[in-house]
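Q: Here is a sequence together with a model predicted from it:
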Amino acid sequence: MYARAKRRFPNLRDRDMDAVGRDRAQFEAYLAERHHLTVNEAHEELEDFLFTEALTREVTKHLGK
């Protein structure tokens, strides 16, 4: 999933993921900083990304049956 997140949020740095990848609030703050967003905008962008990922998983699961 990181590769898809990196495509959506190109300013993510691999070396930072261990430090911020486990805590959502910390990741949202990091995302805001790296992409010049407010924390609320970063939260909304992450929600949208996660929703899209969930839809993709569902479609893939149903197509695989």
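A: Structure received.
Q: The helix or strand bottoming out on mean pLDDT in the chain: how far from the chain's middle?
A: One helix or strand of the chain scores below all others by mean pLDDT, DSSP states H and E: helix 17-20, with a mean of 86. On the basis of CA atoms, centre = their mean, to the nearest Å, helix 17-20 sits 13 Å off its chain's mean C-alpha point.
Q: Could you give me the buried positions within it?
A: residue 20 (16 or more other CB atoms under 10 Å). No exception for glycine: its C-beta is placed from N, CA and C like everyone else's.
Q: elements contacting that helix?
A: Counting by 3 or more CB pairs under 8 Å, 6 or more residues apart in numbering; DSSP states H and E, the packing neighbours recorded for helix 17-20 are helix 24-35.
Q: just checking, what packs against the helix it packs on?
A: helix 17-20, helix 39-63.
Q: again, 10 Å this time
A: Secondary-structure packing of helix 24-35 (3 or more CB pairs under 10 Å, 6 or more residues apart in numbering; DSSP states H and E): helix 2-8, helix 17-20, helix 39-63.
Q: Point out the one among those helices that comes closest to residue 29.
A: helix 39-63 (5.9 Å; CB to CB).
Q: still on that earlier bit, using a markdown table, lay out the helices and strands packed on helix 24-35 together with distance to residue 27.
A: Listed next are these as a markdown table, based on distance: least, CB to CB, whole Å:
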| stretch | distance to residue 27 |
| --- | --- |
| helix 2-8 | 10 |
| helix 17-20 | 5 |
| helix 39-63 | 7 |
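Q: give me every residue that touches residue 33.
A: 11, 20, 39, 42 (CB atoms under 10 Å, 6 or more residues apart in numbering).
Q: Not counting sequence-adjacent ones, nearest residue to the second one?
A: Across the structure, with CB to CB, 6 or more residues apart in numbering as the measure, the residue nearest residue 20 apart from its sequence neighbours is residue 30 (4.3 Å).
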